[in-house]
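Asker: heads up, no residue letters with this:
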């Protein structure tokens with residue numbers, strides 16, 4: 001795999017990863033509502049789903065994944081329902097200042113990872129993305145070493161994108177010094193999650 005091909009893949013994936021969509025909306029919302037760790041946790045689950053599809057595409061099984069309509073639909077709807085439910089809870093929650101929050105982080109982090117994983121495993125666009133990109137950019141046959149290199153590129157690109165969203169949302173969260181400000185942030189985050197859930201269901 002020559003550097004030009006690798007750079008082309010990185011550029012194409014950066015455009016894909018940085019484009020506004022449910023994932024990036026959810027990272028911002030989770031960071032605003034539960035802190036940077038929750039945003040990063042969602043991103044980890046998201047990346048795990050993306051890498052799973054990379055392996056499927058590299059081994060020629062992306063077509064099989066694309067045809068697993070029922071299973072992917074269940075995953076997508078389950079993740080979307082959780083986003084909407086969480087968004088409603090945030091919208092109606094009593095405002096709590098970040099400094100007053102105590103404990104309960106592990107369930108939030110675990111739920112964030114699982115939601116990111118489920119939504120990306122159930123993303124109907126992911127198999128199509130790889131099926132279209134890999135033969136055109138990289139070539140139909142991939143050796144395990146090449147898959148590893150592409151995985152590292154994906155992780156590096158996603159680290160930049162996820163890190164940027166978490167950093168921005170984290171800075172906004174630190175500005176929440178009053179309960180009124182927290183209430184507004186909760187409603188922004190809740191509305192964003194509800195919107196992300198609806199967008200996931202509407203995706204084709």
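Answerer: Alright, I've got the coordinates. Quick caveat, the model's predicted, so the values are computed rather than measured.

Asker: got the contact list for the closest residue to residue 33 other than its chain neighbours?
Answerer: Closest residue to residue 33 apart from its sequence neighbours, by C-beta to C-beta, 6 or more residues apart in numbering: residue 189 at 4.3 Å. (Each C-beta comes from the backbone N, C-alpha and C, glycine too.) Contacts here follow C-beta atoms under 8 Å, 6 or more residues apart in numbering; on that basis residue 189 touches 28-30, 32-33, 87, 90.

Asker: name the element residue 189 belongs to?
Answerer: Per DSSP states H and E, residue 189 falls inside helix 179-202.

Asker: what average pLDDT does that helix get?
Answerer: Across helix 179-202, the average pLDDT comes to 81.

Asker: again with stretch 2-15
Answerer: Computed over stretch 2-15, the mean pLDDT rounds to 83.

Asker: go through it and flag the buried ones.
Answerer: 6, 9-10, 12-14 (16 or more other C-beta atoms under 10 Å).

Asker: run the chain-centre distance for that stretch.
Answerer: Averaged C-alpha coordinates place stretch 2-15 at 20 Å from its chain's average position (C-alpha atoms, centre = their mean, to the nearest Å).

Asker: circling back: closest to residue 170 among the contacts of residue 189?
Answerer: Using C-beta to C-beta, residue 32 comes nearest to residue 170 of the contacts of residue 189, at 8.6 Å.

Asker: run a quick neighbour tally on that closest one.
Answerer: Per other C-beta atoms under 10 Å, the neighbour tally for residue 32 reads 25.

Asker: for it, which non-adjacent residue is closest in space?
Answerer: In space, residue 32 comes closest to residue 189 once its chain neighbours are excluded; the distance is 4.3 Å by C-beta to C-beta, 6+ apart.

Asker: against residue 111, how distant is the one you found?
Answerer: Separation of residue 189 from residue 111 (C-beta to C-beta, to the nearest Å): 15 Å.

Asker: now swap in residue 184 and tell me
Answerer: Counting by C-beta to C-beta, the gap between residue 184 and residue 111 amounts to 24 Å.

Asker: same thing with residue 3?
Answerer: In this structure, residue 3 lies at 40 Å from residue 111, with C-beta to C-beta as the measure.

Asker: what does residue 119 give?
Answerer: Computed as C-beta to C-beta, the residue 119 to residue 111 distance reads 12 Å.

Asker: settle it for me: which of these two has more neighbours?
Answerer: Taking other C-beta under 10 Å, residue 119 and residue 111 do not tie; residue 119 has more neighbours (27 against 18).

Asker: list the contacts for the more buried one?
Answerer: Applying C-beta under 8 Å, 6+ apart, one finds that residue 119 lies in contact with 22-23, 26, 46, 49, 75-76, 79-80, 83, 200.

Asker: just these: which are in strands?
Answerer: Among the contacts of residue 119, none falls in strands (DSSP state E).

Asker: just those residues now: which is nearest residue 145?
Answerer: Ranked by distance to residue 145 (C-beta to C-beta), these are led by residue 49 at 22.6 Å.
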